[in-house]
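Colleague: Next comes the sequence, and after it the predicted model I'd like to discuss.
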Amino acid sequence: MDRYRMGAAPRPLDTVIRRLRQLSALSDAELELVRLLGDRRERHTPGEELIVEGEPGGHARSVLSG
């Protein structure tokens, strides 16, 4: 469970917010929803399989770096 980290919005999420704002105006509620995405982050090692081919993924993921 140590790959999950709770906390404030990570710096990479600021980049995502800036990009979304370039595409469309975001309300305060929409910005809050995007920031909530940073509450549960996963860290993975290089080469680690995130989803096995042919298996259901389980949940959506956004890759912020790597």
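Modeller: Yep, that arrived.
Colleague: so where does residue 13 fall, helix or strand?
Modeller: Assigned by DSSP states H and E, residue 13 belongs to helix 11-23.
Colleague: let me redo that: residue 63
Modeller: Per DSSP H and E, there is no helix or strand for residue 63.
Colleague: do residue 29 as well
Modeller: Per DSSP H and E: helix 28-36 holds residue 29.
Colleague: now the angle between helix 11-23 and that helix, please.
Modeller: Interaxial angle, helix 28-36 versus helix 11-23 (axes from the mean of the first three to the mean of the last three Cα atoms, to 10 degrees): 150 degrees.
Colleague: Could you number the chain from 582 rather than 1 from now on?
Modeller: Done: numbering now begins at 582, and the last item shifts to helix 609-617.
Colleague: Alpha carbons of helix 609-617, as PDB, please.
Modeller: Output of helix 609-617 as PDB, limited to C-alpha atoms (Å, rounded to 0.1, in the frame of the first residue of the first chain):
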ATOM      1  CA  ASP A 609     -14.200  26.500  -9.400                       C
ATOM      2  CA  ALA A 610     -16.200  23.300  -9.000                       C
ATOM      3  CA  GLU A 611     -14.400  21.700 -12.000                       C
ATOM      4  CA  LEU A 612     -11.000  22.800 -10.800                       C
ATOM      5  CA  GLU A 613     -11.800  21.300  -7.400                       C
ATOM      6  CA  LEU A 614     -12.700  18.000  -9.100                       C
ATOM      7  CA  VAL A 615      -9.400  18.000 -11.000                       C
ATOM      8  CA  ARG A 616      -7.500  18.700  -7.800                       C
ATOM      9  CA  LEU A 617      -9.200  15.800  -6.000                       C
END
